[in-house]
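Enquirer: generate coordinates for the sequence data below:
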Amino acid sequence: MNDLDDFRAALRQPPEEPFAEPDLAAIMAGGTRMRRRRRVLTSVAGVAAAAVVVLVVGFAVQVRQPAPAPVAQPPAPVSTTSAPSTAAEQPMGDVIGTGIKTTRGEIVFFARAVDAPELPDVHFGLVAGFRSGETLESVLMTNEFRGSDRSFGFHATDGGELSGDEVIPVFGYFAGQAARITTTVHGKTVDASLARWTEDPNVVVFWFDPVAVPNSAVLTPLIAYDAAGKRLTK
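Expert: Sure, this is the predicted structure:
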């Protein structure tokens, strides 16, 4: 038997261990559960872009639309119009400015309607994004994923991550008459910035300076106080 025969015989040998096929059903089910609470957005003025990032525990699956094949067409006048956004894409109440300026505009927060049959007591979520002039760029939306969105206490805490080259602050909201919200980072007490939601003054949006609180992993349990300094949470 020559070298060529040896090579052909090796090709006919079955692999020592079969390749395991990925459990696609489990992957998609996990992605669906996460999307109920948290959505990464890349949109301008409420219009979603083609690429949507789906977060799954332990890893990420990125879904992209394939680029269409080029089609030869005769020259024609080009007209560009903006598609009107739906009521669900419009901010609920005022947009909250943080005063944090970036190359993409000021970092802002605003509420957006949520209509999910599996979440009957959740009617809004909180969006982090950028505002430049009259343009709102939505980056990250988070909402309560069990119970009521306005039950007493902290809800939808998220952020502390990069969007491009910009850091989205750790943020969330508190349902109740909170006048001060703090956390502790490396033994130091850090106060959050606060703004009451114009649609419901009992909802207080909070966020932390990204320099003092770089990500949610460094947080100790959040604490809320009322105007008299009384602790509202354990």
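Enquirer: okay, CA-based contacts and neighbour counts for the rest of this
Expert: OK.
Enquirer: a strand runs through residue 126, doesn't it?
Expert: Yes. Assignment of residue 126 by DSSP: H, G, I helix; E, B strand; the rest coil places it within a strand.
Enquirer: quick one: the residue nearest to it when sequence neighbours are not counted from residue 128, how far?
Expert: Closest residue to residue 126 apart from its sequence neighbours, by C-alpha to C-alpha, 6 or more residues apart in numbering: residue 111 at 4.6 Å. Between residue 111 and residue 128 the computed distance is 9 Å (C-alpha to C-alpha, to the nearest Å).
Enquirer: ditto for residue 95
Expert: Per C-alpha to C-alpha, residue 95 is found 10 Å from residue 128.
Enquirer: shared neighbours, those two?
Expert: When contacts are counted by C-alpha atoms under 8 Å, 6 or more residues apart in numbering, residue 95 and residue 128 are jointly contacted by 108, 109, 110.
Enquirer: ok, whichever strand or helix holds residue 201: who's next to it in the sheet?
Expert: Secondary-structure assignment from DSSP states H and E places residue 201 in strand 200-207. Its sheet considered, strand 200-207 pairs with strand 171-175 (antiparallel), strand 193-197 (antiparallel) by DSSP bridges.
Enquirer: include mean neighbour count, mean pLDDT and distance to residue 116 when you put these into CSV, please.
Expert: Converted to CSV, the strands paired with strand 200-207 look like this (neighbours: other C-alpha atoms under 10 Å; pLDDT from 0 to 100; distance: least, C-alpha to C-alpha, whole Å):
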stretch, mean neighbour count, mean pLDDT, distance to residue 116
strand 171-175, 23, 98, 20
strand 193-197, 19, 98, 22
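Enquirer: do you know which of those lies nearest residue 212?
Expert: Comparison of the strands paired with strand 200-207 against residue 212 by C-alpha to C-alpha identifies strand 193-197 as nearest, at 12.0 Å.
Enquirer: can I get the closest one in PDB, CA atoms only?
Expert: Taking Å, rounded to 0.1, in the frame of the first residue of the first chain, the C-alpha atoms of strand 193-197 are listed here in PDB:
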ATOM      1  CA  SER A 193     -28.800  61.900  41.000                       C
ATOM      2  CA  LEU A 194     -32.600  61.900  41.100                       C
ATOM      3  CA  ALA A 195     -35.500  63.100  39.000                       C
ATOM      4  CA  ARG A 196     -39.200  62.600  39.400                       C
ATOM      5  CA  TRP A 197     -41.100  61.200  36.500                       C
END
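Enquirer: comparing residue 95 and residue 128, which residue is more hemmed in?
Expert: Between residue 95 and residue 128, counted using other C-alpha atoms under 10 Å, residue 128 has the larger neighbour count: 26 against 16.
Enquirer: residues in contact with the more buried one?
Expert: Neighbour list for residue 128: 107, 108, 109, 110, 138, 139, 140, 141, 168 [criterion: C-alpha under 8 Å, 6+ apart].
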